[in-house]
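**Student:** Structure, please.
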Amino acid sequence: MAATRAGRLISTFLALVLLAFSSVRAPAQPRLKVVTTILPLTDLARAVGGQRAEVRQLIPPSAEIHHFQLRPSDLKLLAGADLLLAVGGGLEPWLDRLEAALTRGKKARSLKFLDYLRSEGFPAVRQDDPHVWLDFEADRYLVSALVKEMSELDPEGAALYAERGQLLQSELKALDERYRRELSPCRHQEIILAGHQAFAYLAARYGLTLISLTGPQPEAQPGTRRLQEIINLIKEKRVEAVFYESSHPPAYARTLARETGAELYSLSAGVNLTAAQVRAGKSFLDLMNDNLLVLKKALNCE
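**Tutor:** Modelled structure (predicted):
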């Protein structure tokens, strides 16, 4: 079974590579220029666009999305963009400045992930929670939007975008099914997160319960009472794992683990790559596969 799944993933990867290099009608004109804000948007856009699209991410490796500030080079990049991809929903507080920059020179299209999902009636959009890329069905919606936008901007590449989009849809569907299948027999159902509720979409999709130390705001700090509530809950439910987001300091997670004897585990929210992950050639889907392995071990799903 594992070998069959691995073979399917390899076949999908090879098909995408062949699509990227097999077209003899590669455009003589400059490639479609796409600017993104975070890793999931970057990787999905590159997977759909292939060699016909030049995709650049504003947030550099290891940078924190909430503290990012525009640089002069970013404004130049935006001025030449055909398409801007962002999440919206307050994740990029500098988004208004980005859109203002786009009004200078040629007019680029702007696609906001959350706005698009709402316009399409996606049922799982959560108020005050922009981390929707952790719902792989939502990612499939975005792939459809990318195929449409890129095809309208570059009609000659429409067939290629559609074909690559279909392959990516299949890969995301397979990942979603793997999560559902491999998390269904878990002994524990609680994700105790020593931080803000970044994984609510993921937990809801697979029938898990997310209990976060703080609410939706990443800068929020828990009080003593909240810490004690979570400590008591871990002991009462005999929870064996405490999670923290890999891009955030694990100080509170260590406190919870020390007070309860629970094991520490880190999960990636997939917002960005570290410099080491870039060197290792990691992708958004790699991070999501890594998360699944961590969840299976921590929640005792074997």
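**Student:** Near P216, how many other residues are there?
**Tutor:** Using other C-beta atoms under 10 Å, P216 is surrounded by 18 other residues. The C-beta positions use only the backbone N, C-alpha and C, and glycine is treated the same way.
**Student:** Cross-check the contact I'm expecting between it and D128.
**Tutor:** Yes. The pair P216 and D128 qualifies as a contact (C-beta atoms under 8 Å) at a distance of 4.7 Å.
**Student:** Distance of P130 relative to Y201?
**Tutor:** Using C-beta to C-beta, to the nearest Å, P130 is found at 10 Å from Y201.
**Student:** Can you give me the domain boundaries for this structure?
**Tutor:** Under automatic domain parsing, the residue ranges defining each domain of the chain are 2-180, 185-298.
**Student:** could you redo those as JSON lines and give each row mean pLDDT?
**Tutor:** Formatted as JSON lines, the domains of the chain follow (pLDDT from 0 to 100):
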{"stretch": "domain 2-180", "mean pLDDT": "84"}
{"stretch": "domain 185-298", "mean pLDDT": "94"}
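**Student:** residue ranges for the helices of the stretch 1-150 of the chain, please.
**Tutor:** Under the criterion DSSP state H, counting those that start in this stretch, helices of the stretch 1-150 of the chain are mapped to 2-22, 39-49, 72-79, 95-102, 113-119, 136-153.
**Student:** got a list of contacts for the shortest one?
**Tutor:** It refers to helix 113-119. 41, 85-89, 125, 130, 132-133, 138, 141-142, 145 (C-beta atoms under 8 Å, 6 or more residues apart in numbering).
**Student:** and what of the last one?
**Tutor:** Helix 136-153 is touched from outside by 32, 34, 40-41, 44-45, 47-49, 52-53, 82-83, 85, 109, 111, 113, 116-117, 120, 122, 124, 132-133, 157-158, 161-162, 165, 168-169, 172-173, 175-176, 179, 201, 205, 288, with contacts defined as C-beta under 8 Å, 6+ apart.
**Student:** if I pick A158, what's in contact with it?
**Tutor:** By C-beta under 8 Å, 6+ apart, the contact list for A158 reads M150, S151.
**Student:** repeat for L111
**Tutor:** L111 touches L83, L84, L85, A86, A145, L146, E149, counting by C-beta under 8 Å, 6+ apart.
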